[in-house]
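Asker: Quick one: sequence plus predicted model below, questions after.
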Amino acid sequence: MIGPFVKAAAALAGLHLLLTGNVEHANVAAAVFMGCLVAFLLRPRGRGWGFARMPLALWAIFLYLVLILWDVIGSGLWVARLILTRRPALRTGILAIPSGCRSELGRALSAHALTIAPGEMVVAIDEDGVLYTHCLDADAAEIYAREHQKRRCRLLSRIIPNSGEGAKEA
């Protein structure tokens, strides 16, 4: 019998080939690789694959990527304006932002999302999942950082099954 991982990877690879309409060897190899990668990332631990969960998880991945892109563009424009206007009244600092994710993968993805946005960089993560983030303007970052982190964690809980909102990983 074919396992749920293989079924999911094959379905995702088939969907990729259907959408691209390209069955050249390189594209088939890319489809199989991406299908396996997405199936691995979406696979619930300790449970079989649920195809009913896949559309919600794929939609959450899309929203997560849009949120990250929005943060990167908005932060990039803010840092560019900051540099061009030479605003001297910045208060740099390190904020302690609770990750809100139980899994290490969820915490790592949250830290990555914070770090790729210009003006912020995660410098440490403690055992309770608190992200210590260096910010160019700690006053401005403190206003929206926790709200954005809650939104990221909510999306990650839909993508990674055991990464849901909560405290420390059990």
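Answerer: Structure's in. What do you need?
Asker: Tell me where the protein is predicted with low confidence.
Answerer: Along the chain, the model assigns pLDDT under 70 to residues 1-2, 43-51, 87-88, 161-170.
Asker: how close does Ala30 get to Ala57?
Answerer: Using C-beta to C-beta, to the nearest Å, one obtains 21 Å as the distance from Ala30 to Ala57. The way it works is simple: take the backbone N, C-alpha and C, and place the C-beta from them, glycine included.
Asker: now swap in Glu104 and tell me
Answerer: 19 Å.
Asker: ditto for Ala10
Answerer: Counting by C-beta to C-beta, the gap from Ala10 to Ala57 is 17 Å.
Asker: can you check Leu105 too?
Answerer: Going from Leu105 to Ala57 by C-beta to C-beta gives 14 Å.
Asker: which one of the two has more residues nearby?
Answerer: Ala57 (19 against 16; other C-beta atoms under 10 Å).
Asker: Helix or strand for the more buried one, just tell me which one.
Answerer: Using DSSP states H and E, Ala57 falls within helix 54-85.
Asker: and after that helix, which helix or strand comes next?
Answerer: Following helix 54-85 in sequence order, the next helix or strand is strand 93-98 (DSSP H and E).
Asker: Could you identify the helix or strand that succeeds that next one?
Answerer: Defined by DSSP H and E, the subsequent element after strand 93-98 is helix 104-116.
Asker: Can you tell me which helices and strands the helix or strand following that following helix packs against?
Answerer: Towards the C-terminus, the helix or strand next in line after helix 104-116, according to DSSP H and E, is strand 120-125. The contact analysis (3 or more C-beta pairs under 8 Å, 6 or more residues apart in numbering; DSSP states H and E) places strand 120-125 against helix 104-116, strand 130-135.
Asker: Before I go, just wanted to say thanks for your time.
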